[in-house]
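Asks: A structural model of the following input is requested.
(2 chains)
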Amino acid sequence: MALSRRRFLYGLGGTGLIFVFDLSCARETPTPPVLLPAEGDDEEALVAAATSARFDYRGWLVIAGDGTVTAHTGRMELGQGLKTVLYDVICQAFELPREKVELIMGDTALCPNDGPTTGSNATRGVAWRYWMACHAVKSRLLDEAARRLSVAREELVYRAGEISVRDGTRRPLGIGRIGTGVRELSEADLESAAGDLPSYVDKQNPSVEAEAIVTGTKQYAGDVMAGECLYGAFLLPDYHAPRTRLLSLDLSPAEEVPDVVRVDRLGDSVAAVGRTFTAVQKALAAVAAEWQAPPYPPDFDNETEIRRRRKLSRMIRDKGDVEGALAASDHVVTESFVTQYATPAPIETHTAVAAASRRETTAWVATQNPFQARERIARTLEVPEERVRVVGMPPGGGFGEKASGSVGDRAAALSSLVGKPVKFVYSRRAHFQQDLKYKHSVVLDITTGVSSEGKILVRTIDFHQGHGRGTRKLYEVPAERSRLFRSEIGVQNAIMRGTSYTQTIYALESHTEMVARSIGLDAIEFRRRNVSESAFLPLLDRCAEMLGYGVDLPPGRGHGFGICYHGVHQYAVVGAEVAVDRTTGEITVTKLRGAYDIGKVMNRNTATMGIKGAMIWGLSYALFEEARFDAHRSHMEAFADYRIPRFADIPEIEIDFLQTHRPEVPRGCGEVPVPPTVAAICNAVYDATGRRFYTLPMTPERVRTALSR
Amino acid sequence: MARRTLSLRVNGKRRRVSVEPDEPLLWVLRDELRLTGTKFGCGLGQCGACKVLIDGRPIWSCMTPVEAVADGREIVTIEGLGQPGNLSPVQEAFKTHTAFGCGFCTPSMIIEATALLRDTPRPTRAQIVARMNGHLCRCAAYPNIIAAIQSAAASGDGGEEA
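Replies: Residues are numbered from 1 along each chain as shown, chains lettered A, B, ... in the order given. The predicted structure follows:
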């Protein structure tokens, strides 16, 4: 199916109108200058790398001859509800039923390259921009209809896909019959539309994917060409040694496995292709391969090595007289926090199907970033990108991990090896071993000086690893110094739901409650006196009320809070109640409450599901998740080796939306619930036990040990 | 081993397949019968994404050799519960409660919930949690899934196929 985007545009141009507009506002926040290059160690650098493919950041709205409105976006539906929200937006703006609206997502042949789907910017960036663009398009349609009908524009009204003359002298004109060709919407067009934008109404529609999901008919990458293609997989040396040389190899036992089509050496790896998934796994298990062990670094203590190898990356903030303010403080609290390594661990392993040839290649890839997958496939096959079409398939969970990765290019290499379509489904072990990246471990040293009246006077933070984001717009801090250090540790870092704010807020908000306690102030009152953004005040009160804060709890129970400011004006306050069993060390989260000011909620069904899910991610990061590896390889092969949340871990969760700050505009909510939930649980555990855990996760073993001391 | 022809009873229909007898049922369903609603998540019985009903009981299809369920065992997959436009009560409840994120684990959640409600038509929250606990949902739609099962139970014949 060789379908170039240009040909597609010309093809449709004959039958309707194509509106093109700028979407660059949906880009991630610009990367601040980094003094030292961040060798695979920095989330922002990863985002920058992910966005390196020549993005054109355009939105396309196509009005077909029959009046159908189609949006084309390279963004992906990940379960966050983007598809539902885009349908809602276009249907509502054009007053059309769902049958008259279409959405084409993630197909590099049909969609503009408008960026990877990460960082919870899809609703605030893409969907809201489409809402504006739809109204700008309507305005342009009225202009063109006025010219065409030779009537004054004021005489025309738009209604439900038709334009009619007020006096009813002519038959209404369908929007598909107004003109043909490509129209550029300028920034002025969009701003003028934004000027009198109608209020978006959340009709609380069910997810547009619901029927397909509950009947098992939603198509994921692994469902493409079921029973019609071969399977393939690679045998690779384990993760920490990606460039290890293959010393000896015996393929003959693998060739004996029934249904195996081909087993071959590809560079320093072994490729197997067969008729079934099982045959390929058996073949690779039968291969006798010996790799040359590279000169591994000795096993290291993570925190010690991070500190020992540190180099100043940049001064994040340096204001006021820090030393003077510390001397003038009535109380000074200094603490150090260490976070664990973690990994996204989606239920769907990396999956792709490729039909490759030198002339043209099509690949169906489970990805958050189809254009990057295309770039990688083209590089692997050594063909121009124009000859590769990637159909981005909605991931069965991505959480950042599928924003990059090699499953597409590996499937293409396998397909090219045998000259037939090949499906590559990672085994669970391969998913936990090969190409694995980790949410980074951050070491944070924090010192805060306060007055006896409970005002923060000064704060210093040394971040080691990460990029020092997440401290802005929380508290009024007159004197402040924060520095970012980087240490070359040799671990590849992943983008993961919650972003690096998770590590920062865990530490900073744990510290906040320790500072409050040092002067005998209540956690809510201390924050009330110090928050820099008034948007937090009603959220603090609401969250405390929902949690039932202030009543005496039985022994072994505790309350705690965490606050977070993320992205563009997303405010969150989360409260937790926990019960700690001193004998077993088991922490049970009994209640989670969240108060959010995230502006317009575009679809309450999908937003609420996403926010509760993100709070459970916070719970899991605080209590369970820890990716284990040594200098040689990942120690994880199965879900049994990496604890993620289960039904039995789920507390009662209630959330509320308060809209005090620009309530008309959506500002996103996918990430902001995660970080304050981690802190709230840590603070509740302190409240219950009088113990502060400076290392995560708070496993029963760690808790038991700490409480028995 | 070599391929053998086996007879399966899937979603009320007799199907003949030519497969390796130890091939896990999961891949036979997906690739031979093109019933792709049943998913591969781990191959080890640790995530639950592959569960189907065998004689009414939820079983990990990734760990069940196809020959063990041939000749008369009744296999029901998500496709056998309801279709778009004709949802089973459990499917309807999952839809209404947005009891999913990406949706990958949803078919097996519905399989397990259907069996649960057949065994225990009015389960308590604790019974739902105990029964569903072997199913992982990384989007963490758990609260909505619990609510969906409670609502299907309250509406009556949650366990019956549509």
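
Asks: Break the chain down into its structural domains.
Replies: Let's take chain A. A:5-213, A:226-293+A:350-425, A:302-341+A:438-708 (automatic domain parsing).

Asks: not what I meant, chain B
Replies: Domain ranges of chain B: B:4-80, B:89-154, per automatic domain parsing.

Asks: How about the contacts made by residue A:547?
Replies: A:559, A:575-577, A:591, A:593 (C-beta atoms under 8 Å, 6 or more residues apart in numbering or on different chains). Heads up, the C-betas are built off the backbone N, CA and C, glycines and all.

Asks: how about the strands in chain B?
Replies: B:4-10, B:13-19, B:51-54, B:57-60, B:74-76 (DSSP state E).

Asks: Would you check which pair of the contacts of residue A:547 lies furthest apart?
Replies: Longest distance between any two of the contacts of residue A:547 is 9.9 Å, between A:559 and A:593; criterion C-beta to C-beta.

Asks: Who are the contact partners of the residue in chain B positioned nearest to chain A?
Replies: Proximity of chain B to chain A (C-beta to the nearest C-beta) peaks at residue B:37, 2.0 Å away. Residues in contact with residue B:37 (C-beta under 8 Å, 6+ apart) are A:215-217, B:77-79, B:107.

Asks: Also residue A:263?
Replies: Taking C-beta under 8 Å, 6+ apart, one finds A:251, A:254-255, A:270-273, A:283, A:287 in contact with residue A:263.

Asks: which residues are contacting stretch A:422-432?
Replies: A:222, A:224-225, A:229-234, A:236, A:273, A:277, A:281, A:343, A:345, A:349-354, A:407, A:410-411, A:414-415, A:434, A:634, A:636-639, A:641-642, B:40-44, B:46.

Asks: same question for stretch A:252-272, mean pLDDT?
Replies: For stretch A:252-272, the mean pLDDT works out to 93.

Asks: should've said stretch A:196-208
Replies: 93.

Asks: Low-confidence stretches in chain B?
Replies: Along chain B, segments meeting pLDDT under 70 span B:1, B:157-162.

Asks: on that earlier part again, out of the contacts of residue B:37, which is most surrounded?
Replies: Neighbour tally across these (other C-beta atoms under 10 Å in any protein chain shown): the maximum, 31 neighbours, falls on residue B:107.

Asks: Report the distance from stretch A:506-523 to the chain centre.
Replies: Chain-centre distance of stretch A:506-523: 29 Å, with C-alpha atoms, centre = their mean, to the nearest Å.

Asks: Can you list the buried residues in that stretch?
Replies: Using 16 or more other C-beta atoms under 10 Å in any protein chain shown as the test for burial, stretch A:506-523 gives A:506-517, A:519, A:521, A:523.

Asks: Out of these, list just those in strands.
Replies: Short answer: those have none in strands (DSSP E).

Asks: ok so, going back, in a markdown table, list the strands of chain B along with distance to chain A.
Replies: Putting those into a markdown table (distance: least, C-beta to the nearest C-beta, whole Å) gives the following:
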| stretch | distance to chain A |
| --- | --- |
| strand B:4-10 | 11 |
| strand B:13-19 | 8 |
| strand B:51-54 | 11 |
| strand B:57-60 | 13 |
| strand B:74-76 | 12 |
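
Asks: Save these as a markdown table, and put in mean neighbour count too.
Replies: Shown next, in a markdown table, are these (neighbours: other C-beta atoms under 10 Å in any protein chain shown):
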| stretch | mean neighbour count |
| --- | --- |
| strand B:4-10 | 16 |
| strand B:13-19 | 14 |
| strand B:51-54 | 24 |
| strand B:57-60 | 19 |
| strand B:74-76 | 21 |
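
Asks: between the ones you listed, which gets nearest to residue A:78?
Replies: Nearest of the strands of chain B (C-beta to C-beta): strand B:51-54, 23.5 Å.

Asks: in its sheet, what does the closest one sit against?
Replies: Note on strand B:51-54: by DSSP bridges, its sheet partners are strand B:57-60 (antiparallel), strand B:74-76 (antiparallel).

Asks: Out of the domains of chain B, indicate the one that is most buried.
Replies: Greatest average neighbour count among those goes to domain B:89-154 (a mean of 23), per mean count of other C-beta atoms under 10 Å in any protein chain shown.

Asks: so does it get close to chain A?
Replies: Yes - judged by C-beta under 8 Å from any C-beta of the partner chain, domain B:89-154 and chain A are in contact via B:91-92, B:94-96, B:98, B:100-107, B:110, B:128-130, B:132-133, B:135-146.

Asks: can you count the residues close to residue A:683?
Replies: Around residue A:683 there are 27 residues (other C-beta under 10 Å).

Asks: do stretch A:489-499 and chain B meet at all?
Replies: No - no part of stretch A:489-499 sits near chain B under the criterion C-beta under 8 Å from any C-beta; the closest distance found is 9.4 Å.

Asks: pLDDT of that stretch, averaged?
Replies: 79.

Asks: Can you show me the helices along chain B?
Replies: B:25-27, B:89-96, B:106-119, B:125-132, B:142-154 (DSSP state H).

Asks: can you tell which of the ones you listed is closest to residue A:372?
Replies: Among the helices of chain B, helix B:106-119 comes nearest to residue A:372, with 27.7 Å by C-beta to C-beta.

Asks: Show me what that closest one is packed against.
Replies: Judged by 3 or more C-beta pairs under 8 Å, 6 or more residues apart in numbering or on different chains; DSSP states H and E, the packing partners of helix B:106-119 are helix A:210-214, strand B:51-54, strand B:57-60, helix B:89-96, helix B:125-132, helix B:142-154.

Asks: any idea how far that helix is from the chain center?
Replies: On C-alpha atoms, centre = their mean, the centre of helix B:106-119 falls 7 Å from the chain's centre.

Asks: Also compute the angle for it relative to helix B:125-132, please.
Replies: 130 degrees (axes from the mean of the first three to the mean of the last three C-alpha atoms, to 10 degrees).

Asks: Would you mind putting the CA coordinates of helix B:106-119 into PDB?
Replies: Only the C-alpha atoms of helix B:106-119 are listed here, as PDB (Å, rounded to 0.1, in the frame of the first residue of the first chain):
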ATOM      1  CA  THR B 106     -10.200  -6.100  29.700                       C
ATOM      2  CA  PRO B 107     -11.400  -9.300  27.800                       C
ATOM      3  CA  SER B 108      -9.900 -11.500  30.500                       C
ATOM      4  CA  MET B 109     -11.200  -9.300  33.300                       C
ATOM      5  CA  ILE B 110     -14.700  -9.800  31.700                       C
ATOM      6  CA  ILE B 111     -14.200 -13.500  31.400                       C
ATOM      7  CA  GLU B 112     -13.200 -13.800  35.100                       C
ATOM      8  CA  ALA B 113     -16.000 -11.400  36.300                       C
ATOM      9  CA  THR B 114     -18.600 -13.400  34.300                       C
ATOM     10  CA  ALA B 115     -17.600 -16.600  36.000                       C
ATOM     11  CA  LEU B 116     -17.500 -14.900  39.400                       C
ATOM     12  CA  LEU B 117     -21.000 -13.600  39.100                       C
ATOM     13  CA  ARG B 118     -22.200 -17.000  37.900                       C
ATOM     14  CA  ASP B 119     -20.700 -18.600  41.100                       C
END
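
Asks: That helix to helix B:142-154, inter-axis angle?
Replies: Orientation of helix B:106-119 against helix B:142-154 (the same axes, to 10 degrees) gives an angle of 40 degrees.

Asks: can you give me the strands for the stretch 201-350 of chain A?
Replies: Taking DSSP state E, counting those that start in this stretch as the test, the strands found in the stretch 201-350 of chain A are A:230-235, A:246-250, A:260-266, A:269-274, A:288-291, A:310-319, A:331-338.

Asks: Residues in contact with the second one: which ones?
Replies: Read that as strand A:246-250. For strand A:246-250, contacts defined as C-beta under 8 Å, 6+ apart pick out A:237, A:265, A:268-270, A:287-292.

Asks: can you pull the buried residues of it?
Replies: A:246, A:249.

Asks: Can you tell me which residue sits nearest the middle of chain A?
Replies: In chain A, the centroid-proximal residue (C-alpha atoms, centre = their mean) is residue A:118; its distance is 3.9 Å.

Asks: so which strand or helix has that residue?
Replies: Residue A:118 belongs to no helix or strand when assigned by DSSP states H and E.
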